[in-house]
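Enquirer: No letters, just coordinates:
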């Protein structure tokens with residue numbers, strides 16, 4: 001358990017935008033409280049540099065997810081970033097320039113001895129789609145290119161593909177190109193902005209009909225159950241934001257194999273809380289920014305994934321290993 005003085009800061013979206021019944025960040029904040037931490041929250045607009053030092057304007061946050069009035073706040077006050085023992089990066093994408101600026105701020109705090117989850121450098125380095133290609137043994141056939149001829153050739157070879165932007169989220173702008181797709185050229189032209197932006201094309205995996213599995217990883221180890229996000233009838237996207245439904249299930253042997261292939265690299269990079277996306281037998285993405293699905297899995301299993309994360313943070317602090 002944390003010492004009484006241990007303070008966690010959570011960089012998150014504004015509280016008024018939170019959907020409390022399913023928000024993962026709230027579950028993590030409550031777990032921190034249960035471990036004896038005092039928790040404060042702030043947004044991207046509440047961080048700045050002054051005379052080379054990172055500053056934070058934060059407010060106390062007490063969470064009780066069993067109540068209708070699910071949080072108690074307090075007055076905002078200015079602090080040195082170094083007054084926190086741990087900073088939890090829970091700002092949702094889009095991964096834009098403001099997101100990158102936030103990682104620079106967090107990296108400065110890290111250099112002052114503050115533990116940051118996840119490592120800000122690794123968040124910048126590990127694009128959630130491209131990073132998965134570091135594990136080709138786990139991935140389906142794919143290409144990444146802005147060139148129309150490369151993407152069209154891949155389409156001809158595979159016949160049935162998914163094409164998606166490298167910075168997308170929530171199933172946005174994902175196209176399913178079937179072998180007889182009449183609009184292939186215009187889709188490629190649109191999604192690449194006339195060949196100026198690279199995109200990813202992957203072999204279509206029909207197992208998507210059984211769900212796009214979210215496997216949560218805590219300090220390189222998989223949580224025992226995944227959330228399979230099953231698409232609506234006629235859809236190819238399982239994302240909950242795109243209308244998919246969630247089914248909690250135990251990890252398969254193949255899921256565990258993928259997790260064990262990826263886990264050591266996540267741990268080495270200081271990526272302590274991560275979501276793997278797996279369709280059928282294949283890894284499709286590695287979510288390092290603000291992975292979700294904790295509440296859905298906990299509700300079915302009775303588990304406390306937030307407790308697992310807090311224990312991993314405590315273990316790293318005790319060993320003196322607080323970053324990547």
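Expert: Looks like it arrived, so ask away. Everything quoted here is computed from the prediction, not taken from an experiment.

Enquirer: contacting residues around stretch 42-49?
Expert: 9-14, 54-59, 76, 81, 91, 98-99, 101-102, 105, 108 (CB atoms under 8 Å, 6 or more residues apart in numbering). Where C-beta positions appear, they are placed from N, C-alpha and C, glycine not excepted.

Enquirer: same thing with stretch 313-324?
Expert: 1-2, 35, 85-86, 110, 113, 115-117, 119, 121-122, 219, 268-272.

Enquirer: now, which of those residues lie within strands?
Expert: Per DSSP state E, strands hold the following members of those: 86, 115, 116, 117.

Enquirer: Among the contacts of stretch 42-49, name the ones in strands.
Expert: Reading strands off the contacts of stretch 42-49 with DSSP E, I get 9, 10, 11, 54, 55, 56, 57, 58, 59.

Enquirer: Correct me if wrong, but residue 143 is in a helix.
Expert: No: according to DSSP: H, G, I helix; E, B strand; the rest coil, residue 143 belongs to no helix; its state is strand.

Enquirer: and it, what does it touch?
Expert: With CB under 8 Å, 6+ apart, residue 143 has these contacts: 150, 151, 154, 200, 201.

Enquirer: The last one: what's it in contact with?
Expert: By that I understand residue 201. 142, 143, 144, 145, 151, 154, 155, 161, 162, 163.

Enquirer: Then the second one?
Expert: Neighbour list for residue 151: 143, 145, 163, 188, 192, 199, 201 [criterion: CB under 8 Å, 6+ apart].

Enquirer: how far does the helix-or-strand element of the chain with minimal mean pLDDT sit from the chain's center?
Expert: Of all helical and strand segments in the chain, the minimum by mean pLDDT, DSSP states H and E falls on strand 71-72, at a mean of 84. How far strand 71-72 lies from its chain's middle: 25 Å, per CA atoms, centre = their mean, to the nearest Å.

Enquirer: Identify all contacting residues around that strand.
Expert: By CB under 8 Å, 6+ apart, strand 71-72 touches 15, 20, 26, 60, 61, 62, 63, 64.

Enquirer: Show me which pair in these is furthest apart.
Expert: 20 and 60 (17.4 Å; CB to CB).

Enquirer: From one end of stretch 220-231 to the other, what's the distance?
Expert: 28 Å (CA to CA, to the nearest Å).

Enquirer: Okay, buried residues for that stretch please.
Expert: Buried residues in stretch 220-231, counted by 16 or more other CB atoms under 10 Å: 220, 222, 223, 225, 226, 227, 228, 229, 230, 231.

Enquirer: what's the answer for stretch 36-56, then?
Expert: 37, 38, 39, 40, 41, 42, 43, 46, 47, 54, 55, 56.

Enquirer: hmm, which two among the residues you listed are most spread apart?
Expert: So, the buried residues of stretch 36-56 by CB to CB: farthest apart are 37 and 55, at 20.8 Å.

Enquirer: quick one: which of the ones in strands among the contacts of stretch 313-324 is most hemmed in?
Expert: Within those, most neighbours by other CB atoms under 10 Å means residue 116, with 29 neighbours.

Enquirer: What ranges does this protein have for its helices?
Expert: 24-34, 97-111, 120-125, 148-158, 184-191, 253-268, 294-301, 305-319 (DSSP state H).

Enquirer: now the last one and helix 253-268, what's the angle there?
Expert: Interaxial angle, helix 305-319 versus helix 253-268 (axes from the mean of the first three to the mean of the last three CA atoms, to 10 degrees): 40 degrees.

Enquirer: what's the angle between helix 305-319 and helix 24-34?
Expert: 60 degrees.

Enquirer: Can you report the mean pLDDT over the residues of helix 305-319?
Expert: For helix 305-319, the mean pLDDT works out to 96.
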